[in-house]
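**Q** Predicted model and sequence below, questions to follow.
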Amino acid sequence: MLVAFSVAPSGTGRADGSVHDAVAAAVRIVRASGLPHRTTAMFTEIEGEWDEVMDVVKRATDAVLAYGSRASLVLKADIRPGFTGELDAKIDRLGAALADEDDAAR
C-alpha cells in the first residue's frame, strides 16, 4: 500500500502562518518508522502494510496536534495487494514511458 498524506496544524497562534516545525515533527515519525518513504514540498509518501502505514499516519498526526488546537489531514491511498517496492517502481515506469515518448518524437 502506498499512502500520500499531508498533515498540518491550525490554531497555532503564529502570525506568519508557518507550520514547518509541526511538519518536521511528523516527518521525524515517518523517518523513524523504517518504512520506505519520500517527502516533497506538499506531501509525504509512505509504503507498507495497511496497519503499519496507518499507525505511522496516526502518530504523525498526533505529533502535529501538539502544535495547534486542531489538525488537518489529507490522505490518498493506492491499495494494491501483492505489490511492494511501488514507491520507486511507479516513478521508474513513468520515466520509461516518457523516455519512449521522447524516442518516438525524434
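**A** Good, I have the coordinates.
**Q** The strand or helix carrying Pro9: what's the following helix or strand?
**A** Taking DSSP states H and E as the criterion, Pro9 maps to strand 2-10. On the C-terminal side of strand 2-10, the nearest following helix or strand under DSSP H and E is helix 20-33.
**Q** Output the contacting helices and strands for that following helix.
**A** Contact partners of helix 20-33 among helices and strands, from 3 or more C-beta pairs under 8 Å, 6 or more residues apart in numbering; DSSP states H and E: strand 2-10, strand 37-39, strand 44-47, helix 50-65. C-betas here are computed from N, CA, C, even on glycine.
**Q** switch to 10 Å and redo it
**A** strand 2-10, strand 37-39, strand 44-47, helix 50-65, strand 70-78 (3 or more C-beta pairs under 10 Å, 6 or more residues apart in numbering; DSSP states H and E).
**Q** Relative to Val7, how far out is the nearest residue to Ala22 once chain neighbours are set aside?
**A** Counting by C-beta to C-beta, 6 or more residues apart in numbering, the nearest residue to Ala22 once its immediate chain neighbours are dropped is Tyr67, at 3.7 Å. Tyr67 sits 10 Å away from Val7 when distances are taken as C-beta to C-beta, to the nearest Å.
**Q** who's more crowded, these two?
**A** Val7 (25 against 21; other C-beta atoms under 10 Å).
**Q** most centrally placed residue in the protein?
**A** Taking C-alpha atoms, centre = their mean, the centroid of the chain lies closest to Thr44, which sits 1.9 Å from it.
**Q** you'd agree that residue is up against Arg28?
**A** No: between Thr44 and Arg28 there is no contact under C-beta atoms under 10 Å: 11.1 Å.
**Q** Doesn't the residue nearest to Ala22 lie inside a helix?
**A** No: residue state for Tyr67 (DSSP: H, G, I helix; E, B strand; the rest coil) corresponds to coil; a helix is not indicated.
**Q** Alright, calling it a day.
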